[in-house]
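J.: Fold the following, please.
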Amino acid sequence: MGLDAEMMSSNEIHSFEGEAENDKDFMGIYIGGRNNIKQRHGKGWAIFPNGDQYDGDYVNGQRHGIGLYVFQNGARYLGQYRRGQKSGKGIFFYPDGSIYDGNWQKNLRHGSGIYTYANEDIYDGNWHKGLRHGLGCYIFKNETAVFRGTWIQGIPVGSMEIDFQIYKYHGNYDYQYPQGPGIFSFMSKYMLSGYYKSESINLLKEEIIEGNDIENISEKFQNNKHPKLLENVLSPPLWYSQTVSKYDFSKLPQKSMLWDLSDSEYSTCDFSFNESEINEFTMKEPEPFEQEECETECEPNASKSIVSTE
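T.: Residues are numbered from 1 along each chain as shown. Predicted coordinates:
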């Protein structure tokens, strides 16, 4: 249907999202507060040996709270940290001009977030451990089309709707292309029913799904290492028309819905946590440092700003 299927299945995992280690074996320049056992604590600015910089909150030697991390290659992250890792709300600016603005957990995009690509395409939806997963909306800038559907581990799968402004397609996505029964609706006046069919998709489903290899679908699909993929490169499906009728909303396929975690272990659309999990991953003000017993003469130095190269 003219859409860039490769962009729909890519997941923007960047090696430069990794940051320099915290205080352990730290060598470089640091200006800021320290606690009474010389760990970075409170507001601070650090310049790492690789040229990266961090300006923000520390607690007991770890980035914790709000901070700005600037990479030597021009990438930068502004947002929340938890125990030395990007967790909570944050925005990441990539060297190629793309931007991610949303939720993070343990240095990975996780939860809801908006990814704006260098070519101005936009993905707005759910993420799980760095991959698009769950409900999402992909906006194609050049084709002026909007894809609404579900992803599993970075791959569009399941019910979906593609809005081309003057007409829409309602159906199902199976890995890289639409598959099975579907309906084209034209300005809510007429409907064309039919189905998409691709033999290579059927071969892929037999080999991967029946082989219970779901956990590695994303990696094998994107890296093209699966034996069936090597033999049968995925080809675009063919459309087979059946009937033309007046528009009837009740005949349209069911739209994508939030998945309950009990229905699919791969779904992360329901991000409800118990109280202990909320305390674990919800960002708050940096926790106060619980001071250990200390001689009187060292207490005045506990919160003093210090410039050091250790």
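
J.: Show me the shaky parts of this structure.
T.: By pLDDT under 70, the weakly predicted segments of the chain are 1-17, 21-27, 199-235, 256-310.

J.: At which residues are the helices of it located?
T.: 5-9, 199-208, 217-223, 227-231, 275-281 (DSSP state H).

J.: For N172, list the residues it contacts.
T.: Counting by C-beta atoms under 8 Å, 6 or more residues apart in numbering, N172 makes contact with 158-160, 178-182, 253. For the C-beta atoms, the positions are set from N, CA and C on the backbone; glycine is no exception.

J.: Which among those count as buried?
T.: 159-160, 178-179, 182 (16 or more other C-beta atoms under 10 Å).

J.: now, which of the residues you listed sits nearest R34?
T.: Closest to R34 out of the buried ones among the contacts of N172 is M160 (53.4 Å), distances taken as C-beta to C-beta.

J.: before we move on, back to that, sort out which of the contacts of N172 are in strands and list them.
T.: Taking DSSP state E, the ones among the contacts of N172 that sit in strands are 158-160, 178-182.

J.: so I122 makes contact with G102?
T.: No - at 12.0 Å, I122 does not count as touching G102 under the criterion of C-beta atoms under 8 Å.

J.: So the two - more neighbours on which side?
T.: Per other C-beta atoms under 10 Å, whichever of I122 and G102 has more neighbours is G102, with 20 against 15.

J.: Please report how far the more buried one lies from Y115.
T.: Counting by C-beta to C-beta, to the nearest Å, the gap from G102 to Y115 is 8 Å.

J.: joint contacts of these two?
T.: Applying C-beta under 8 Å, 6+ apart, one finds that G102 and Y115 are jointly contacted by R109.

J.: and which of the ones in strands among the contacts of N172 is nearest S98?
T.: M160 (23.4 Å).

J.: The residue nearest to G130 when sequence neighbours are not counted - how many residues pack around it?
T.: For G130, ignoring the flanking residues on the chain, the nearest one in space by C-beta to C-beta, 6 or more residues apart in numbering is L108 at 4.1 Å. Neighbour count for L108, taken as other C-beta under 10 Å: 18.

J.: Over to I152?
T.: 21.

J.: and it, bridged to which residues?
T.: On the basis of DSSP bridges, I152 is bridged to I155.

J.: before we move on, the earlier item: residue contacts, the residue nearest to G130?
T.: Contacts here follow C-beta under 8 Å, 6+ apart; on that basis L108 touches 127, 129-130.

J.: Show me which of those are buried.
T.: Among the contacts of L108, those that count as buried by neighbour count (16+ other C-beta under 10 Å) are 127, 130.

J.: Where strands are concerned, which of the contacts of L108 count?
T.: W127.

J.: Name the nearest residue to S241, ignoring sequence neighbours.
T.: Nearest to S241 is G194, by C-beta to C-beta, 6+ apart, at 4.3 Å.

J.: Correction: the previous question concerned P178.
T.: The spatial neighbour of P178 that comes closest, neighbours along the chain excluded (C-beta to C-beta, 6+ apart), is Y196 at 4.7 Å.

J.: neighbours of that neighbour, just the number please.
T.: Here the number of neighbours of Y196 (other C-beta under 10 Å) works out to 22.

J.: Is it in contact with G171, as I believe?
T.: Yes - taking C-beta under 8 Å as the definition, Y196 is a contact partner of G171 at 7.0 Å.
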